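*Asks:* The following block contains a protein sequence and its predicted model.
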Amino acid sequence: MTPTWVQLVYLACAVCFILALKGLSGPKTARTGNLIGAAGAVVAVAVPFFYKPNGVDHLHHVPLILGAIVIGAAGGVIGARRVQMTQMPQMVALFNGVGGGAAALVALLELREIIEAGGDPGWFVLVATAFTIFVGSVSFAGSVVTFAKLQELMTSAPVVFPGLALAFAVALLGGVGLSTQLVVDPTLWVGIVLGIVGLVFGLLLVLPVGGADVPIVISLLNAFTGLTVAAGGYVLGNVVLLVAGTLVGASGTFLTLLMARAMGRSVTNILFGALKGGSTLGGGVASDRPVKSAGPEDVAIMLAYADRVIIVPGYGLAVAQAQHSLRELVDLLGERGIEVDYAIHPVAGRMPGHMNVLLAEAQVPYEQLKEMDEINGEFKDADVVLVVGANDVVNPAAKTTPGAPIYGMPILNADEARQVVFMKRSMRPGFAGIENELLFEENTTLLFGDAKDSMGKLVNAVKAL
């Protein structure tokens with residue numbers, strides 16, 4: 001029987017997780033929310049060291065547990081200090097995969113305990129165990145693939161091969177069959193094979209996904225991990241795991257649906273579109289068509305004598321770490337009486353909120369950040385739209401080219417502005433791997449070069465006017 005004080009502490013930890021999610025819903029409270037959630041997690045981990053249910057020591061292999069905690073904490077600190085903002089999605093994918101894999105391993109260990117204890121644990125406990133093993137393994141394998149795609153350790157394009165659909169169906173049916181067998185006749189070897197099938201299914205699920213859809217799959221796998229943790233919490237009789245897993249599963253599901261809606265796609269199309277003919281395929285080949293380019297001085301004149309300027313930041317801004325120079329440029333334009341706003345696409349960068357966090361680092365006033373629905377109607381009144389490192393989120397192909405990887409995705413209406421300036425390192429296509437027709441329009445000018453270097457030159461040119 002769990003002592004009352006332990007149950008109350010666990011309840012407080014669960015409340016901390018709820019408050020953390022609430023805090024993370026806004027940029028002004030995100031840091032506080034994160035700290036509250038971390039504090040709740042630390043307390044929840046520490047509590048089992050301080051009580052003995054029914055006077056029996058329930059902890060074994062304490063040195064190994066403490067060693068794992070020290071190694072994990074060290075890895076977390078190093079990761080937090082060294083991982084760049086551009087690599088956050090990859091780190092999220094890894095953390096998510098580790099969570100799913102850990103849940104699957106814990107479920108296997110609990111299955112062994114159930115078998116050794118004998119008796120009837122109840123069909124629902126066995127269902128939860130099978131679910132945790134299979135879905136946790138899927139999340140682990142899938143997250144590793146998403147990490148490899150984002151880190152460019154493998155191609156970001158969909159990976160398809162003859163018989164993929166059949167292999168996918170066989171793995172899914174195998175997982176269902178083995179799960180049923182585990183519930184009817186629980187044996188350890190069935191659980192191990194179920195985990196292996198889950199790993200294969202996770203690979204087959206994510207390999208066909210490519211381009212801009214990878215961050216959405218990360219969110220979906222995050223929801224999978226949350227659900228496995230919740231199921232594991234039920235198996236272990238741990239309220240904190242049950243609540244925390246349910247929160248992660250629910251929030252991950254909502255985020256997946258919101259991101260898919262922002263892309264103008266269904267989750268089914270994102271996962272299985274490549275099997276129907278390559279909905280996420282992009283050639284990724286740079287064009288040799290002529291474009292109009294200019295130097296920093298020419299672009300500075302366009303900006304300095306405009307009345308309304310809209311900034312569209314993207315992943316290239318994060319890669320170049322040019323947010324501070326961009327803030328300086330916007331301040332200079334503001335001193336000239338020019339109205340300037342930032343247009344934020346829901347999936348700009350590699351994950352939701354990527355641009356918001358990046359610009360917050362440069363102390364950009366949050367009031368200047370406008371979401372797509374709020375600012376899309378204002379592009380037609382803008383004298384200049386400055387696109388910094390973005391591509392797919394302003395690509396008119398989303399509206400004009402059926403069959404394109406991003407067709408149907410809501411975009412920022414940068415093409416409606418009087419003048420568009422693209423700051424690009426090269427003519428290389430965006431993450432979706434297709435050309436941006438806006439680059440070749442009469443009202444578009446390109447400023448080639450590293451975004452940070454070009455932004456510095458642009459700032460100096462504006463100052464010189």
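*Replies:* Perfect, thanks for sending it. On a predicted model such as this, the values are computed, not experimentally measured, just so you know.

*Asks:* switch to C-alpha atoms for all contacts and neighbour counts from now on
*Replies:* Fine.

*Asks:* Helices along the stretch 101-250 of the chain, start to end?
*Replies:* 123-150, 164-184, 188-206, 214-236, 239-262 (DSSP state H, counting those that start in this stretch).

*Asks:* Dump the ones you listed to CSV, plus mean pLDDT, mean neighbour count and distance to Ala68.
*Replies:* Below are those laid out as CSV (pLDDT from 0 to 100; neighbours: other C-alpha atoms under 10 Å; distance: least, C-alpha to C-alpha, whole Å):
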stretch, mean pLDDT, mean neighbour count, distance to Ala68
helix 123-150, 93, 26, 19
helix 164-184, 93, 17, 30
helix 188-206, 94, 22, 23
helix 214-236, 90, 27, 19
helix 239-262, 87, 20, 19
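
*Asks:* could the ones you listed be laid out in CSV, adding distance to Gly100?
*Replies:* As requested, the helices of the stretch 101-250 of the chain are exported to CSV (distance: least, C-alpha to C-alpha, whole Å):
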stretch, distance to Gly100
helix 123-150, 4
helix 164-184, 16
helix 188-206, 11
helix 214-236, 5
helix 239-262, 11
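
*Asks:* quick one, which of those helices is nearest to Ala12?
*Replies:* helix 239-262 (9.3 Å; C-alpha to C-alpha).

*Asks:* Packing partners of the closest one?
*Replies:* Where contact means 3 or more C-alpha pairs under 8 Å, 6 or more residues apart in numbering; DSSP states H and E, helix 239-262 is packed against helix 4-23, helix 214-236, helix 267-272.

*Asks:* Contacts for that helix, please.
*Replies:* Outside helix 239-262, the residues within contact range by C-alpha atoms under 8 Å, 6 or more residues apart in numbering are 10-11, 13-14, 17-18, 44, 216-217, 219-220, 222-234, 266-267, 346-347, 352, 409-410.

*Asks:* For Ala80, give its distance to Met91.
*Replies:* 9 Å (C-alpha to C-alpha, to the nearest Å).

*Asks:* Compare these two (neighbour count), which wins?
*Replies:* Neighbours per residue (other C-alpha atoms under 10 Å) separate Ala80 from Met91, with Met91 holding more: 19 against 13.

*Asks:* Tell me the confidence at the more buried one?
*Replies:* If you check Met91, the pLDDT there is 85.

*Asks:* who wins for proximity to Met423 among the helices of the stretch 101-250 of the chain?
*Replies:* helix 123-150 (22.4 Å).

*Asks:* packing partners for the closest one?
*Replies:* Secondary elements touching helix 123-150 (3+ C-alpha pairs under 8 Å, 6+ apart): helix 88-117, helix 164-184, helix 188-206, helix 214-236.

*Asks:* Including distance to Glu152, could these go into CSV?
*Replies:* Shown next, in CSV, are the helices and strands packed on helix 123-150 (distance: least, C-alpha to C-alpha, whole Å):
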stretch, distance to Glu152
helix 88-117, 10
helix 164-184, 22
helix 188-206, 15
helix 214-236, 12
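
*Asks:* can you pull out the helices in the stretch 301-450 of the chain?
*Replies:* With helices called from DSSP H, counting those that start in this stretch, the stretch 301-450 of the chain shows them at 315-320, 323-335, 354-361, 372-375, 397-400.

*Asks:* list the buried ones in the third one?
*Replies:* What that stands for is helix 354-361. By neighbour count on 16 or more other C-alpha atoms under 10 Å, the buried set for helix 354-361 is 354-356, 358-360.

*Asks:* what's near enough to touch the nearest residue to Val138 once chain neighbours are set aside?
*Replies:* The shortest distance from Val138 to any non-neighbouring residue, by C-alpha to C-alpha, 6 or more residues apart in numbering, is to Gly202 (4.0 Å). Counting by C-alpha under 8 Å, 6+ apart, Gly202 makes contact with 137-142.

*Asks:* Report the two of these separated the most.
*Replies:* Greatest spacing in those, by C-alpha to C-alpha: Ser137 and Gly142 (8.4 Å).

*Asks:* Next, show the common contact partners of these two.
*Replies:* Contacts common to Ser137 and Gly142, judged by C-alpha under 8 Å, 6+ apart, are 199, 202.

*Asks:* sorry, back to before: can you tell me which two in the buried residues of helix 354-361 are farthest apart?
*Replies:* His354 and Ala360 (10.0 Å).

*Asks:* low-scoring stretches of the chain, by residue?
*Replies:* 1, 53-57, 211-212, 263-265, 273-288, 350, 430-433 (pLDDT under 70).

*Asks:* one step back: indicate which one of the helices and strands packed on helix 123-150 is closest to Pro27.
*Replies:* So among the helices and strands packed on helix 123-150, helix 88-117 is nearest, using C-alpha to C-alpha, at 16.8 Å.

*Asks:* List the buried residues of that closest one.
*Replies:* Per 16+ other C-alpha under 10 Å, helix 88-117 contains these buried residues: 88-108, 110-112, 114-115.

*Asks:* Equivalent analysis for stretch 40-49, please.
*Replies:* For stretch 40-49, by 16+ other C-alpha under 10 Å, it's 40-41, 44.

*Asks:* Out of those, list just those in helices.
*Replies:* 40-41, 44 (DSSP state H).

*Asks:* Can you tell me which of those residues lies closest to Phe440?
*Replies:* Nearest member of those to Phe440, counting by C-alpha to C-alpha, is Ala41, at 51.8 Å.
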